[in-house]
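K.L.:
structure, please.
(one chain, ligands or ions: 1)
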Amino acid sequence: MNDTPKKGWFQRLSDGLARSSKQITETVVGGLVKEPLDQAALDRLEEHLLESDLGPAATDRIVARFRDLRFGKVSDEREVKEALAEAVAAELLPRQATFDPLAEGIKPYVVLFVGVNGSGKTTTLGKIAADLTAKGAKVMIVAGDTFRAAAREQLKVWAERSGADFESRRDGADPAGLAFDAYTKARAENYDVVLIDTAGRLQNKSALMDELLKIVRVLKKIDPDAPHETLLVLDATVGRNALAQEQIFGRAAYVSGIVMTKLDGTARGGVLVPVAQASDAPLKLIGVGEGIEDLQPFDARAFSRSLVGLED
Ligand SMILES: Nc1nc2c(ncn2[C@@H]2O[C@H](COP(=O)(O)OP(=O)(O)OP(=O)(O)O)[C@@H](O)[C@H]2O)c(=O)[nH]1
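P.N.:
This is a model prediction of the structure:
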């Protein structure tokens, strides 16, 4: 929000991925230029990609593809980056999808946000609300984390800032009851989109999943297709722990899209690749900074190019 508004989205993406691309440019690209590409260089590439958290399966395929493109050839820096970007993009292109609640023809379009505390769930919801209200949509934010007053307050600030309406209940109230009433009201009052935050931590994992499933069940009483989207928010800075979180939520909570936040806070943004591949749900949005415009639609090709330090 303090950023210059004129900065283009690709520039924001590149800035956000600067730590990761610096790591890749310094450790990986330097070792692949000038000499004809041989097996020793490919082994080093494999090692570096594993260190960047790309995971063994994707790393194997990226190295193989890079080998096909460049083996025996002498490459300059640009050629190395182009070949790497192409190899990474081949991994991600099948895992990309769009999030556009206003284009779906469903009203109100109900979006549930799930993920552990601190993953960026509330901020992501707030940024989406701001984007939708700016487009003229009538938006309701529902504070489904009824146990934490701080979470509710944070959401309320986002609602005020974005001009969205806000539904909440006192500490400890049943979130499913709140979701049901809010959705009923949103239908009666012709809202375009309902954004429902949920708790990220209860006494234990099964209590958390039970609560999420209960919310889903009551929404389905109103419309069997609701929630129309369930976004799992994952924090890139936790590295491969994001994979474990995907396993827990992805299995239990009918996730339909992944949001990966805080890619600007890590040098291992490559972790997005194994997460995207492990999940049944596609990647829809990424967070590359604190500003509203730093929440971007996931573009596999642009991400791959930025990750290896290409500037367009
Ligand atoms: N740098 C950076 N910070 C982010 C990004 N997304 C979210 N954050 C920050 O991450 C912190 C945690 O985000 P929250 O939205 O509070 O996380 P949450 O998952 O809702 O967590 P609780 O509110 O604790 O349940 C906040 O300080 C956000 O500003 C991002 O893409 N980049």
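K.L.:
SS state for the residue nearest in space to the middle of the chain?
P.N.:
To find the centre residue of the chain, average its C-alpha atoms and take the closest one (CA atoms, centre = their mean): that gives residue 259, at 1.7 Å. Classification of residue 259 using DSSP: H, G, I helix; E, B strand; the rest coil returns strand.
K.L.:
pLDDT value on it, please?
P.N.:
With respect to pLDDT, residue 259 scores 97.
K.L.:
distance check, it against residue 249.
P.N.:
12 Å (CB to CB, to the nearest Å). Placement of C-beta: from N, CA and C, glycine included.
K.L.:
between the two, what contacts are shared?
P.N.:
residue 232 (CB atoms under 8 Å, 6 or more residues apart in numbering).
K.L.:
how about low-confidence regions in the stretch 51-200 of the chain?
P.N.:
Counting by pLDDT under 70, the stretch 51-200 of the chain contains no low-confidence segment.
K.L.:
now name the helix or strand holding residue 112.
P.N.:
strand 109-114 (DSSP states H and E).
K.L.:
keeping just the C-alphas, turn that strand into CSV.
P.N.:
This file holds the C-alpha atoms of strand 109-114, laid out as CSV (Å, rounded to 0.1, in the frame of the first residue of the first chain):
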residue,chain,number,x,y,z
TYR,A,109,-20.5,-16.5,-4.6
VAL,A,110,-19.3,-18.0,-1.3
VAL,A,111,-15.6,-18.3,-0.7
LEU,A,112,-14.2,-20.1,2.4
PHE,A,113,-10.7,-19.3,3.5
VAL,A,114,-8.8,-22.1,5.4
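K.L.:
report the angle between it and strand 257-261.
P.N.:
Orientation note: strand 109-114 sits at an angle of 50 degrees relative to strand 257-261 (axes from the mean of the first three to the mean of the last three CA atoms, to 10 degrees).
K.L.:
and strand 109-114 with the ligand, contact?
P.N.:
No. Legend: contact between strand 109-114 and the ligand by CB under 6 Å from any ligand atom is lacking; minimum distance shown is 8.1 Å.
K.L.:
and that strand, how far out from the chain middle?
P.N.:
14 Å (CA atoms, centre = their mean, to the nearest Å).
K.L.:
ok, that strand: who's next to it in the sheet?
P.N.:
strand 193-197 (parallel), strand 229-235 (parallel) (DSSP bridges).
K.L.:
okay, those strands, which one's buried deepest?
P.N.:
With neighbours taken as mean count of other CB atoms under 10 Å, the strands paired with strand 109-114 reach their highest mean count in strand 193-197, at a mean of 28.
K.L.:
just give me how far it sits from the chain centre.
P.N.:
17 Å.
K.L.:
beyond that strand, next helix or strand please.
P.N.:
helix 205-222.
K.L.:
before we move on, the earlier item: reformat the strands paired with strand 109-114 as TSV; add distance to residue 283.
P.N.:
Shown next, in TSV, are the strands paired with strand 109-114 (distance: least, CB to CB, whole Å):
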stretch	distance to residue 283
strand 193-197	19
strand 229-235	10
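K.L.:
would you map the strands across this structure?
P.N.:
With DSSP state E as the criterion, the chain has strands at 109-114, 139-143, 165-167, 193-197, 229-235, 257-261, 283-287, 295-297.
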